[in-house]
Each structure stands twice: as structure tokens, then as C-alpha cells.
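Student: Requesting a structural model of the entry that follows:
(chains A, B, C, D, E and F)
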4 protein chains.
Amino acid sequence: MSPLNKHQLNQIRDERREQIKQAALIRFARHGYLGTKTSMIAAEAGISEGLIFRYFKSKDVLFTTLVQELIEEAKLETENLQYLPGSPFEQIKALTTGMLDESSKYAFMLILRARKTDEIPEEAARILEQHSEDVILERLISIFIQGQEAGEFSPGDPRKLLAWYFSIINCLIMEEVAMEEYGLPNADYLMRFLKT
Amino acid sequence: MSPLNKHQLNQIRDERREQIKQAALIRFARHGYLGTKTSMIAAEAGISEGLIFRYFKSKDVLFTTLVQELIEEAKLETENLQYLPGSPFEQIKALTTGMLDESSKYAFMLILRARKTDEIPEEAARILEQHSEDVILERLISIFIQGQEAGEFSPGDPRKLLAWYFSIINCLIMEEVAMEEYGLPNADYLMRFLKT
Amino acid sequence: MSPLNKHQLNQIRDERREQIKQAALIRFARHGYLGTKTSMIAAEAGISEGLIFRYFKSKDVLFTTLVQELIEEAKLETENLQYLPGSPFEQIKALTTGMLDESSKYAFMLILRARKTDEIPEEAARILEQHSEDVILERLISIFIQGQEAGEFSPGDPRKLLAWYFSIINCLIMEEVAMEEYGLPNADYLMRFLKT
Amino acid sequence: MSPLNKHQLNQIRDERREQIKQAALIRFARHGYLGTKTSMIAAEAGISEGLIFRYFKSKDVLFTTLVQELIEEAKLETENLQYLPGSPFEQIKALTTGMLDESSKYAFMLILRARKTDEIPEEAARILEQHSEDVILERLISIFIQGQEAGEFSPGDPRKLLAWYFSIINCLIMEEVAMEEYGLPNADYLMRFLKT
DNA sequence: TATGAATGAGCGTTCATTCAT
DNA sequence: GATGAATGAACGCTCATTCAT
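Tutor: Prediction:
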């Protein structure tokens, strides 16, 4: 008989995996893929360097896994959006508020930083290319069109408006450090860009 | 006796230096500090790998020199700004237009990417921290205050308004690639954030 | 009070030890010392990785123990040989037949592979050097001399004849895999090398 | 203008490549693929560890290149064989003598050791599987059949005879170290195996 | 001055070994 | 006694930097 039963071991494994992913998220978000040494992740997680490789085959796989899961989460959040109550303006404002929220800070930073660099694993680049632009934006575009039809949003190509608006949100999240002094603009301020 | 006189040699040196800096600018802007290998810079400049180190003591120094000079240029441009004719709104609009211009693309990309990563030489980080926020922003802040006094800009802490506004511009420049489809919003669009 | 008495525990220990040695024998024989990971031995034995080290201080010691014991067995077998009935030719033929037998395959493979590599523990190398040539060969040499005196074996330095003959046997055992198609030559065939 | 012309540089590169290959050949032959550390090859060649990788992308590629070239050479030698004058017996004796020769010792050791281990790069394994058995042996088999028809070689399946004979040669080369005392049997001795 | 071969410190990764359970 | 998660030394490999030419 085992000294620890199967359930307990699985729990330990799951906890460690999560712990490593959390540490990696913070480091990758702050220093990028190349700038993050596995020793930094180990230090952040408070474990030995070698242990990382029992849970993730390589730094590459660890990064790609994170990207994969973060994209998945983002997709779900956007999916829910269109079934939310309220006008298009209120829906986008809710999303904007969520994106600027402290709790999802590192997730966005990692994804956004990753998308601006060629220096990430090929597979991660593929995932980013595929999902982000195509799937999520398609969902939002219909909300934007409704917003324009309702006269809430400024006129013109809705895809263009959407692209610009989210570029700004994205970038602001990335600026986080520089912004420390004044914090992030609130959603109301940013909605100016959309209003007619 | 030397086949080239001192003046000619100096000219060659200066040209080589410039050539290396130009190559480095493009590469650092595109791939970041860590992502840019010295071999890439040599290839971009069409010289041998070793030669870089006769003109710059190290990759570190080359990068820091670039940052230094780009900051310097930006400072000059901002300095000139306040002596320009036109209302505060028109002055900021001119600056905005200049920043979004193609010709200064790589310069801004390098600086902005650098500011988002800890993974740059310490000295470069120090330069960015010191100048960018303190000196340049100080110059702009007075224009913003004038703008608010003239009722052209929205009210509130002018530093906050300034920080937010330029964060957005900066981010949009960085998005350059993702934006290919729609290009950058023109200055008029962006001025919305400032208007009351 | 212990649920198992001392005798039972010793029996478990002995069985485990044997089980590990058997698994290690197969793996070391097939993949050599460096090519065999302790995890492979554990898997082959159906036990956990850590348990190996309660029975053998190290991979090094496990390997050396195996070599030691296999050499010991070989020595005993050779010892018995000279008291066997029959002519020198028949005695050597019996030994040859035994070496080519399926049941001792892995034992010979391990020993032979070990002797061809420096990459084994120092102590194991020492054992191989000492015993193999000195003790076993001494026993066989007298049989060879008798064989030559009886005109059964070809003339010349008997040590040379012996060394060559067994080298050939050894090699054939190692070839096992490549030989699958045709099997091993039988003892009669090999005795040609000895006959006048 | 270059300080060294293109021809000189190519010569340096070719010499280094050959030097590394020679060092690697000796080490791989003696200690096998896993047992040979890149540091050992560098030490044997009298160069730094890193330099190996300017000439060969990886230890894997270096090994595979060696296997490739050695197989190629062996193929050529065997090809020439059948156009040589003399009886089948004399032809095989010439080949045997060549294989036992000091100068090609390491080449055979490397190949033979490689063929006995799974622990080599996949590509190298593929090359060995393809060429050795199929191409070379086919050439020799016809000489063996002629030898049997001429009554020079012992009867029976010629492929079996060939396989056994060359297994013995191969193994003897591998035994090199153990054999130091008596040297290798000469070709005459080994031809006994083939004679009727 | 210019070259590119050569170096070596440091990274990502493996695996024998330890140890809490 | 048995487990397998955890460690760390050592490996293969990269790349900024040096140096003979």
C-alpha cells in the first residue's frame, strides 16, 4: 500500500503545476520569454530548477501551455459577453473594466508582450495568430455594429474602430509599470474614443 | 606613411559607427535587446561580427548609446514644440502627427519596447527612467495646462491626462504590426481623448 | 510488535534484491551502463525509483555487484570443468555449448559489453581486469595444453590460442541481435578453430 | 580586403573539421555515443568545447556524420573487392587482412559499437540499418558462393557462413583492448572457419 | 582597419540520489 | 518497507566577446 494515496499525490501534482504556472505567468509577463530564465521561475515558485521539468517538458512547453490556457479563458469571457444585459456601450464598458482589472493584469501582459515579439516558441506564435484576432474579434464586431446602429458608437468601419480601441486598451495594460504614478484610466475615459 | 589621412580615417570611423547604429536600431526595435544577437546586427550592417566591438565596447554599450541618443532627439523635438505657433491643441496635434510618422518608427519602437522590459542594460534603464518622465513630460505639462485654461483640453490633473494620452500614442506605435490592416488612427481621432 | 517476523522480512529483502538484480541485468545487458537509467531498472522490476537505493547504495554499486557475482559464477563453472570426464576437446566443447546457451545470455552480454567500455564504475573495471583473464584463463590453459599434447588442438602458444578462441565465442554472443536470422553457429563449427 | 583570403579560410575550416572528426572518431570508438562527452572530444582535439558546435550543429550530427562517412568508405572498399584478381579465398583474405589493419581500427570500432547499442541518434541508427546489411553483404555473398562452387569454402547456406564469419571478424576488432597481449589472429587463422 | 575562428560563462535540461510521507 | 516528489551536479549547447592574422 502506498504511503500517500493516489488522490493525495494527484493533488500535490496539481498544486505544484499550478504553482509553477503562476510563477511563470508573473515572470514571463514581466520579462518576456527570452528574458525569463528557468532559474527565475524556480526562484519565484520557491522550488528547485530541475523540478520544473517534471511538470513541463521544457520552458517552451511551459510558455505555450500558459498562452494556450490564457487565450482559452479570454475566449470564454468574450463569449459570455454578448449574452449580458445592457446596451452595446454598457457591454463593452464591462469588458473594458474587466481587462483593466488588477487580477487579470499578468495574464494580459503575458499575452500582449508575446504578441509583440517574434522571439517566442513557434507553437505559441501559431496559437496567438489563430485565435486572438479571428475568434474573439468576430464576437465583438457584432456588438460594435449594434452600438453604431444605436448611435452610441462613432461611425465608420466598425472593424477599424474595434482594432483601434482594443489596441489602446492592450497597450495601456502593458504600460502598467510606467503608469504606476497615475494608475490606469478608467473605462469611462476610454469610452470617449468610441462615442460619437 | 598612411594611405589615408587622419580626416579620412575619422570619416570612415564615423560612417561605420552610424552604419552599425542604424543596423542595431532596426534589429533592437524589432526583436528587443535579448532577442537581438550581435551576429544579426553584423549581418544587417553587412560587416563582420568582430568589428562591432571596435566601435562599441559591448552590446550593452551599443544599446545604451542608442537609447541615449534617441532620448536626446526626442527631448530636442519637445523643446522646440513650445516655441511653435498655434494653440496648445494645435501644438500637441503636431507632436502627435510627428510621432505617428513612418520615419521615426523604429526609434519609437526601440524606446517603447525597452521601457516595457527589465531585460535591458541597467544604464539604459536608468536613462529611460530619468529623462522620459521627468524632462520631456515637464515641457509638455505646461502646454497641457494652457490647453485646459483655454478650455481646449478636458479638466482634471494635467499630469494624469498627459500620461494617459501619451501612453495611448506610444501603444499605438508599438501595435504597428497588428495594425497593418487598418493603419494608425490619425491625430484628429486621438485628440478626442483630450477634448472636453 | 511487528506483523512480520525477522525471518519473513529477510526473505522479502532477499526477494526484492534478487528482483532488482534481475531487472538490472537485463537492462544493463541491453543498453550498457550509461544507457541504462535507474528509472528503467525500476520500471523493469515493477518498483518505485527510490526503492533501488534501499537495496543498493548506488547505480554504481548495483552494477559492480552484478559484475562481481557473474564473474564468480563463471569462475565456478570453469572450476568444475576440469574435473569433468572426457577429452580436453570434449571439455571445451561442453563449455562452449554452455556459453552459447540461451539461459545465460544476458549474463554474458552484460560482462562482455562491460569489458568493451571504459564507461563503467572503476571498481567494476578492476574486477573484470583481475579475474577474467587471470583466474579463469589459468584454469582453461591447462586443458588447452593437454589438448595440444593429445594432438587434438592446433599447436602454438596455448594462451594465444585460448585468447583467440574465447574472443570469438564472446563476440558471437554479443552479436546475438544481428544473428537473429541465422542463430549462433553450434559448438562443432567453432571447434574448427582449435583443431589441428 | 580580407586579412585572410577565402582559400586560406576554407583550408582552416576543412582542417578543423577533420581534426574534430578525428578526435570524435577515437572517442566515440572507445567510449560509445553516450560515454563520450563533448568536453572529451574538445580535449582530444585540443580545442574549446564551444568550437565543436561551429562545425557540427550538435553531438548528434557529429556522430551521424561520422557514421555516414565511415559506411560510405566501407561500401567503396567492398565494391572494389569483387574486381580484384585472385580466387574467392584470396579476395576474402585480402578484405579480412584490411579489416584487421591498425589504421582502420577506430573506424570499425565505432561502427560496430554503434550497431550494438540502441543509445545512438535515430538517424545514425537508420543509416546503419539500411546500408550495412543490405548493400555490403550482398556484394560479398556472390564471392562466397563462388568460393563454395570452387570447393574452397565449406558448404551450407552461404549467407549463414558469411554472417558468422564477419561477426567473428567484427567482434575481434572490438576486443582490441583485451587482445593487446596477443594481438589479433592473422587472416590465415580466421580463414579456417571458411575452409572445407 | 577588418575578419571570422576561437573562447568560456551561462543557459536549458537530464537523471542519480535523497527524503518527507 | 515503499513511494515518488524534490534536489543539484553535470551535461549539451549558445552567443557575446577576444584575438591572431
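Student: Could you pick out the longest helix of chain A?
Tutor: Secondary structure of chain A per DSSP state H: the longest helix is helix A:6-35.
Student: name the helices or strands packed onto it?
Tutor: For helix A:6-35, the packing partners by 3 or more Cβ pairs under 8 Å, 6 or more residues apart in numbering or on different chains; DSSP states H and E come out as helix A:38-45, helix A:52-55, helix A:59-81, helix A:105-115, helix B:6-35. Backbone N, C-alpha and C define where each C-beta goes, glycine included.
Student: now that helix, how far from the centre of its chain.
Tutor: Helix A:6-35 has its average C-alpha position 16 Å from the chain's average C-alpha position, going by Cα atoms, centre = their mean, to the nearest Å.
Student: Go through that helix and flag the buried ones.
Tutor: With burial defined by 16 or more other Cβ atoms under 10 Å in any protein chain shown, the residues of helix A:6-35 counted as buried are A:16, A:19-21, A:23-35.
Student: Then stretch A:93-104?
Tutor: For stretch A:93-104, the neighbour count (16+ other Cβ under 10 Å) marks A:93, A:95-96, A:99-100, A:104 as buried.
Student: Same check on stretch A:139-150?
Tutor: The neighbour-count criterion (16+ other Cβ under 10 Å) identifies A:140, A:143-148 as the buried residues of stretch A:139-150.
Student: Please list all residues in contact with residue A:34.
Tutor: Shown in contact with residue A:34 (Cβ atoms under 8 Å, 6 or more residues apart in numbering or on different chains): A:119, B:32, B:34-35, B:119.
Student: Kindly reformat the residues you listed as CSV containing distance to DNA strand E and pLDDT.
Tutor: Putting these into CSV (distance: Cβ to the nearest atom of the strand, whole Å; pLDDT from 0 to 100) gives the following:
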residue, distance to DNA strand E, pLDDT
A:119, 12, 85
B:32, 15, 89
B:34, 10, 93
B:35, 13, 91
B:119, 11, 84
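Student: measure residue A:115 to residue B:112 for me?
Tutor: Counting by Cβ to Cβ, to the nearest Å, the gap from residue A:115 to residue B:112 is 14 Å.
Student: cool, and residue A:70?
Tutor: In this view, residue A:70 and residue B:112 are 23 Å apart by Cβ to Cβ.
Student: picking that back up, tell me which of the contacts of residue A:34 is nearest to residue D:167?
Tutor: Among the contacts of residue A:34, residue A:119 lies closest to residue D:167 (Cβ to Cβ), at 52.2 Å.
Student: Setting aside sequence neighbours, what's the nearest residue to that closest one?
Tutor: Closest residue to residue A:119 apart from its sequence neighbours, by Cβ to Cβ, 6 or more residues apart in numbering or on different chains: residue B:35 at 3.8 Å.
Student: Tell me the residues on chain A that lie near DNA strand E, please.
Tutor: Residues of chain A lying close to DNA strand E by Cβ under 7 Å from any atom of the strand are A:3-4, A:36-39, A:49-50, A:53-54, A:57-60.
Student: Out of these, which comes closest to chain D?
Tutor: Within the residues of chain A next to DNA strand E, the smallest distance to chain D is 16.0 Å, found for residue A:58 (Cβ to the nearest Cβ).
Student: Pull the number of nearby residues for the closest one.
Tutor: For residue A:58, the count of nearby residues is 12 (other Cβ atoms under 10 Å in any protein chain shown).
Student: Distance check, it against residue A:69.
Tutor: Distance from residue A:58 to residue A:69, by Cβ to Cβ: 17 Å.
Student: Residue A:127 now?
Tutor: Residue A:127 is 10 Å from residue A:69, by Cβ to Cβ.
Student: Those two - which one has more neighbours?
Tutor: Remark: of residue A:127 and residue A:69, residue A:127 carries more neighbours, 19 against 13, as counted by other Cβ under 10 Å.
Student: Am I right that residue A:24 is in contact with residue A:61?
Tutor: No: checked against Cβ atoms under 8 Å, the pair residue A:24 and residue A:61 is beyond contact range at 10.8 Å.
Student: one step back: from the buried residues of stretch A:93-104, which ones fall inside helices?
Tutor: Those of the buried residues of stretch A:93-104 lying in helices (DSSP H): A:93, A:95-96, A:99-100.
Student: Now flag whichever of these is closest to chain B.
Tutor: For those, the nearest to chain B is residue A:100 (12.0 Å; Cβ to the nearest Cβ).
Student: Now the closest one: closest residue in space, sequence neighbours ignored.
Tutor: residue A:184 (5.0 Å).
Student: Just want the most central residue of chain A.
Tutor: Nearest to the geometric centre of chain A sits residue A:108, at 3.2 Å (Cα atoms, centre = their mean).
Student: Leaving out the residues flanking it, which one is nearest to that one?
Tutor: Residue nearest to residue A:108 in three dimensions, not counting chain neighbours: residue A:173, with 4.6 Å by Cβ to Cβ, 6+ apart.
Student: One more: residue A:39?
Tutor: Per Cβ to Cβ, 6+ apart, closest to residue A:39 is residue A:49, 5.5 Å.
Student: The one you found - that's part of a helix, no?
Tutor: No: per DSSP: H, G, I helix; E, B strand; the rest coil, residue A:49 lies outside any helix segment and is coil.
Student: Hmm, it is touching residue A:42, no?
Tutor: Yes: applying Cβ under 8 Å as the test, residue A:49 and residue A:42 come out as touching, 4.4 Å apart.
Student: Which one of those two is surrounded by more residues?
Tutor: Neighbours were tallied for residue A:49 and for residue A:42 using other Cβ under 10 Å; the higher tally belongs to residue A:42 (19 against 13).
Student: any idea how far that one lies from residue C:56?
Tutor: Distance, residue A:42 to residue C:56, using Cβ to Cβ: 30 Å.
Student: Right, I'll leave it there.
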